[in-house]
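**Q** Have a look; sequence and predicted model below, questions after that.
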There are 4 protein chains.
Amino acid sequence: MEKINKSVLSTVIKVRNTESYKGNYGRVLIIAGSLPFGGAAILSASAAIHTGAGLVTVATIPEKFTALNVEIPEAMTIDYNKSQELIAAIIQNNVIVLGPGLGTSDSTDKIIQLIIKYCDENTTIIMDASALSVVAENNIDLTSINNLILTPHQGEWQRLSNLSIPEQTKENNLKAINKLAPNATLIVKKHLSEIYYQNKVSQIQAGNAGMATGGMGDTLTGVLAGFIGQFGNSLVTVQTGLFLHSYIADQIYKSNYVVLPSTLISKIPKYMKKFTSNK
Amino acid sequence: MEKINKSVLSTVIKVRNTESYKGNYGRVLIIAGSLPFGGAAILSASAAIHTGAGLVTVATIPEKFTALNVEIPEAMTIDYNKSQELIAAIIQNNVIVLGPGLGTSDSTDKIIQLIIKYCDENTTIIMDASALSVVAENNIDLTSINNLILTPHQGEWQRLSNLSIPEQTKENNLKAINKLAPNATLIVKKHLSEIYYQNKVSQIQAGNAGMATGGMGDTLTGVLAGFIGQFGNSLVTVQTGLFLHSYIADQIYKSNYVVLPSTLISKIPKYMKKFTSNK
Amino acid sequence: MEKINKSVLSTVIKVRNTESYKGNYGRVLIIAGSLPFGGAAILSASAAIHTGAGLVTVATIPEKFTALNVEIPEAMTIDYNKSQELIAAIIQNNVIVLGPGLGTSDSTDKIIQLIIKYCDENTTIIMDASALSVVAENNIDLTSINNLILTPHQGEWQRLSNLSIPEQTKENNLKAINKLAPNATLIVKKHLSEIYYQNKVSQIQAGNAGMATGGMGDTLTGVLAGFIGQFGNSLVTVQTGLFLHSYIADQIYKSNYVVLPSTLISKIPKYMKKFTSNK
Amino acid sequence: MEKINKSVLSTVIKVRNTESYKGNYGRVLIIAGSLPFGGAAILSASAAIHTGAGLVTVATIPEKFTALNVEIPEAMTIDYNKSQELIAAIIQNNVIVLGPGLGTSDSTDKIIQLIIKYCDENTTIIMDASALSVVAENNIDLTSINNLILTPHQGEWQRLSNLSIPEQTKENNLKAINKLAPNATLIVKKHLSEIYYQNKVSQIQAGNAGMATGGMGDTLTGVLAGFIGQFGNSLVTVQTGLFLHSYIADQIYKSNYVVLPSTLISKIPKYMKKFTSNK
């Protein structure tokens, strides 16, 4: 099992080309939030923007537009219950985060179906939280999604894989993800999170118990979307995004009892600069 | 009378277990806020999150969801006037704050009745502000609540106990709380606040007049909820939460004429880390 | 003409009594804001809270409650178009700011009439901006208000006094304010603002052109309300509040081209502490 | 081609006259924002205020008023769909930003027609983003606007000029802008942005790839409006505003991987002070 440490960062985070524009750094669509889970969309989108995503659109319910405008004026907003608008956004964007704070209602199922139907084969889909629960409940077939990243915590992975937590060994996890979605990248979030991709297993050497707080997973989806939008979807990009999220949390944890998502997000641009490769 | 000072902090604030997740740090429900008192819910919930509570849900009126999403995207929101949702939340959470900014309308009485009926014997109820006034006015019987903390200031305690402020001696207060709710912990907020629990009286050696500002009590409820969610409901946990709140205020007061709740809240994670025990 | 400088600060800003509570530091009602001028209420209320006012209620339109809850969760909110609520608030509070961002509609006239009818003789009324324009237009008689402070800039003072700016000499200003409202304190806001009270004229030795920006006058009303709520309405209290506002602005202006109201507000607690008298 | 560098800053940014008031520093109207692009209005207005504009009014849709009040309480708000209010604002203001986040609906066309009809010959119009697209689509004649600044990026300029990006040479650009609007100033936003005015071409020697993020162009419109409001519309004022925007971004980019608009805006007052001329 490959151990991922700080050296991964400068492999992926590259100096930007001076002759570039925002369209070069990813068009990210974040489908997230519902009445009781309004903040999830904010955290995911804010993380994507702080990571350097070029253009970020949030598909949520209109009741959440004002809070999004305040916290992240850089993001655009659409209503995910307007199917035509959502389909257009699915087609136009090349990284899609699906799940934070969506809840497990019928509309989540409907959105997953639209993604499966309309997303381009080059578009990366990051599925998290409620979206994973709905996939598990409704036995949705994910094999047609070409670029798929799943980010369950151990409990969500249990529902998806039918593996109890003690059964979640490397071998069993590999088998399960290869059955569920053969080309997908699986992140199992836990103490020292693991990444499964085809026949490879890797583990990040970062993270701490101060991250055990609401919103930390939403934040991760945004970081991953920002990385993929800028550096492309590959195993090493996913490893780097996941590692950076935990690495920044470790620095905050040195002087804070709990690592709040909004604190972590605010520090992303400085840590990415610090680890930018000149290659 | 036991004097509580800085040494209490590292007794209670423990290093987090690396193999833990947010569910280990308390499920906190904050029932708070009404049209004129919208900020109380924000301050209480924000304090709970900064203290390290794992999952925080705010039950308030929908008009306040946007402000909550902006200030604390980490928190979930529900409408306390939807009884079924509120009952489900009462059952699912293990620490409940009841009162900040609720007002003294009929709906407050109704919510107290739901808590009495549905809360689990292991769930801690922290009653503050308007909830205490309604208890006093309507002579509500609190003896059936197994884990109860009351946080009146002297005026609210007068209404609850029928003891005028000069009559609020240690002996009278002990008698009154033991009659009102024999297992409850009583905090009387004043200069050098006092804690009454069974036959014990303790007093914190911290606090200052810069705390005499709106919202400081709302903030305390969140700190207490965060402590109980993480360290369990015991006398020493309550003493520590109460002490820390005033201790941080004392540090701010050294260079500020008034101690604003939002300033205090922002400093909680650093002070908790500073006083974390390695035990 | 008395010159007011830094020495005035520690005359007024006193160490708080340890045995005090928020009710000792003023109950401030800020009647402010309308659809196009939503921020004025925020700036005035935020300044009052940062100055140390014990309890602050904002009477505005409900459309502005969310923004107020976000920016100043410490403040309560009521709807100034609900007359019964407004009358109750006029009676309960002992400092009232009237005018920032109200606009010159009929409802402003109606609110002024309610203040004249219901405010207590010990309550201080601070009139600013739109309220002054409506007083001028409708020839409202202010002589029945016992504790009155008017804070016009030179243009507003021209409308109130019928004195053109070149005619606004000390002698003419004294005559005009004594005719308009004999017991009132008049602040004419300009470069080196002047204070007129009975037969006394004083001038503050602070202020700069970086303050020439929207919202600076709204902020002043909150500072004055905070000072009067804590230290009582007297000439020296008004001088101190006015001086402090400009003095903090001067410190900010040393390193900023423009002095934004929100920057000024955030620095009030530290400057007040610095100039607290031990007397 | 003139190269614009740091020396331009202190040519334009002058010490403010102590005897001045907010009316001396420009009345800026920002017509911006729509349901999906709510943040554009916030960024443009916030930049104008931080640059020192005396009075800023935002014409947008009412759904965005709350977010504006939170982020920039200093700004006034009106509804651009109420024609009478908008016409009054067009007449009263002397710098108008038109375009950020407006979208390309019929209402944008209607607003452009109102500007052409009602704006004073001394009023400067800064056209950006959607407004430029609508001008291109509907072949709107801009020659009647006396003080006009266009701020397209290369793609928008292609739509306006019918010049493909490789065809956008200095000679072709000069010809195209002189045909489109002979007195206009044209900024083509790109790596080392260029300014075209009459027969002059200049290029700023600042800017970086970290600026390739959503909202950076909205921010520029606010900076330009603030500069013109304070220092008048001239080639050197436009050069200075454009240069300062990129120069601050360069300082941020030294320690941040991406330059967020809100970070840039917060630093404007300090950099303007640093480069203030004593002349």
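**A** Looks like it arrived, so ask away.

**Q** who in the stretch 1-150 of chain A is up against chain C?
**A** Contact residues (CB under 8 Å from any CB of the partner chain) of the stretch 1-150 of chain A with chain C: A:66, A:70. Heads up, the C-betas are built off the backbone N, CA and C, glycines and all.

**Q** Let me see the ranges of the strands in the stretch 1-150 of chain A.
**A** A:2-4, A:27-31, A:55-60, A:76-79, A:95-98, A:124-127, A:147-150 (DSSP state E, counting those that start in this stretch).

**Q** Adding mean pLDDT and mean neighbour count as columns, could you present those in a markdown table?
**A** Formatted as a markdown table, the strands of the stretch 1-150 of chain A follow (pLDDT from 0 to 100; neighbours: other CB atoms under 10 Å in any protein chain shown):
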| stretch | mean pLDDT | mean neighbour count |
| --- | --- | --- |
| strand A:2-4 | 96 | 16 |
| strand A:27-31 | 98 | 29 |
| strand A:55-60 | 98 | 27 |
| strand A:76-79 | 98 | 22 |
| strand A:95-98 | 98 | 29 |
| strand A:124-127 | 98 | 28 |
| strand A:147-150 | 98 | 24 |
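
**Q** Could you export these to JSON lines, including columns for distance to chain B?
**A** Listed next are those as JSON lines, based on distance: least, CB to the nearest CB, whole Å:
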{"stretch": "strand A:2-4", "distance to chain B": "16"}
{"stretch": "strand A:27-31", "distance to chain B": "13"}
{"stretch": "strand A:55-60", "distance to chain B": "10"}
{"stretch": "strand A:76-79", "distance to chain B": "13"}
{"stretch": "strand A:95-98", "distance to chain B": "15"}
{"stretch": "strand A:124-127", "distance to chain B": "19"}
{"stretch": "strand A:147-150", "distance to chain B": "18"}
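
**Q** Those strands into TSV, with extra columns for distance to residue C:250?
**A** Converted to TSV, the strands of the stretch 1-150 of chain A look like this (distance: least, CB to CB, whole Å):
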stretch	distance to residue C:250
strand A:2-4	53
strand A:27-31	45
strand A:55-60	41
strand A:76-79	41
strand A:95-98	48
strand A:124-127	51
strand A:147-150	54
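
**Q** mind listing what the residue lying closest to residue A:189 once chain neighbours are set aside touches?
**A** In space, and not counting its chain neighbours, residue A:189 is closest to residue A:153: 4.3 Å by CB to CB, 6 or more residues apart in numbering or on different chains. Taking CB atoms under 8 Å, 6 or more residues apart in numbering or on different chains, we find residue A:153 in contact with A:188-190, A:217, B:21.

**Q** Around residue A:103, count how many other residues there are.
**A** Using other CB atoms under 10 Å in any protein chain shown, residue A:103 has 17 other residues around it.

**Q** Excluding covalently adjacent residues, which one is nearest to it?
**A** In space, residue A:103 is closest to residue A:34, 4.3 Å off (CB to CB, 6+ apart).

**Q** Name all residues that make contact with the one you found.
**A** A:60-61, A:101-103, A:105.

**Q** mind running it again at 10 Å?
**A** A:40-41, A:60-61, A:63-64, A:80, A:100-105, A:107-108, A:130 (CB atoms under 10 Å, 6 or more residues apart in numbering or on different chains).

**Q** swap in residue A:39?
**A** With CB under 10 Å, 6+ apart, residue A:39 has these contacts: A:32-33, A:46, A:64, A:67, A:71, A:100-101, A:214-215, A:218, A:261-262, B:65, B:68-77.

**Q** what do you get for residue A:223?
**A** Counting by CB under 10 Å, 6+ apart, the residues that residue A:223 touches are A:44, A:47-48, A:50-51, A:53, A:240-246, A:248, A:264-265, A:268, A:272.
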